[in-house]
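**Q** sequence and predicted structure, then a few things I'm wondering about:
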Amino acid sequence: MQALLENWPLWLQGMWATLLLTGATTLIGLPIGILLAGMRVSPVAALRVVATVWTEVARNTPLTLVFFFTAFVLPKLGIILDFTLGAIIALTYYTSAFFAEAVRSGINSVPIGQAEASRSIGMSFGPTMRLVILPQAFRSVLPPLINVVIALVKNTSVAMGFFVFVLVSVAHRLSNEYGDQALQVFIGIALSYLIITVPLGQLVDHLERKWSVQR
């Protein structure tokens, strides 16, 4: 741990980059996921096809390959991105599919009679989803969404291989500089990830206990 204490500005830089990637991806990817979930249950076939292709391709493509596309393929197509921005785009595309599936599971948990009742009073699909279905699905959706964010925190480590300095990059650099303390360095970085993910997991447990009592 001495290596981390002596290089705490470097640790802060890695922690900030990890939180930045996580926060930006969540802020962008969650709305996209909600939109994709709505499209997958839409009565419009074309929207269902687009959303299904997006989610299935993203979920079944290795994240490293998505990063490779943004870092190396897009520049060959004339699209030059900052490495951090490219990482956010890669993580957003990949994670939005998991957000979408979590939201869709919540939508499917709402009794179909709610949608039928909305249609009977003249509400179209959009207002029904926004005002009737999603508010009822919120409780069942939130814990899975937080679990997706927890997975996202860990997935940010992939960005190290594509020129983005994150927490795991700190471990790589310091383990080279402090070879005799490499184990302690990696333990310290593992604890750093736990600092982020454990509170999120406890929040999930709290919400599930609270809502189970209310039911």
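**A** Now that the structure is in, tell me what you want to look at.

**Q** only C-alpha atoms for contact and neighbour calcs from this point on.
**A** Will do.

**Q** packing partners for the helix or strand hosting residue 174?
**A** Assigned by DSSP states H and E, residue 174 belongs to helix 167-177. Counting contacts by 3 or more CA pairs under 8 Å, 6 or more residues apart in numbering; DSSP states H and E, helix 167-177 packs against helix 8-40, helix 182-214.

**Q** quick one: work out the angle between the first one and helix 167-177.
**A** Read that as helix 8-40. Relative orientation of helix 8-40 versus helix 167-177 (axes from the mean of the first three to the mean of the last three CA atoms, to 10 degrees): 150 degrees.

**Q** quick one, helix 8-40 and helix 182-214 angle?
**A** 40 degrees.

**Q** ok now helix 8-40, how far from the chain's centre?
**A** 6 Å (CA atoms, centre = their mean, to the nearest Å).

**Q** what residues sit buried inside the next helix or strand after that helix?
**A** Proceeding N to C from helix 8-40, the next assigned helix or strand is helix 45-59, under DSSP H and E. Buried positions in helix 45-59, judged by neighbour count with 16 or more other CA atoms under 10 Å: 47, 48, 51, 52, 54, 55, 58, 59.

**Q** state the distance from the residue nearest to the first one when sequence neighbours are not counted to residue 9.
**A** Going back to what we said before, that points to residue 47. The spatial neighbour of residue 47 that comes closest, neighbours along the chain excluded (CA to CA, 6 or more residues apart in numbering), is residue 39 at 5.3 Å. Shown here: residue 39 relative to residue 9, a distance of 44 Å by CA to CA, to the nearest Å.

**Q** more crowded one of the two?
**A** residue 39 (21 against 11; other CA atoms under 10 Å).

**Q** how far away is the more buried one from residue 31?
**A** 12 Å.

**Q** can you check residue 136 too?
**A** Taken as CA to CA, the span from residue 136 to residue 31 is 17 Å.

**Q** compare the two (neighbour count), which wins?
**A** Comparing residue 136 with residue 31 by other CA under 10 Å, the one with more neighbours is residue 136, at 17 against 14.

**Q** for that one, what are its contacts?
**A** By CA atoms under 8 Å, 6 or more residues apart in numbering, the contact list for residue 136 reads residue 110.

**Q** and the pLDDT at it?
**A** We have a pLDDT of 78 for residue 136.

**Q** from residue 207, how far out is it?
**A** On the measure of CA to CA, residue 136 and residue 207 end up 15 Å apart.
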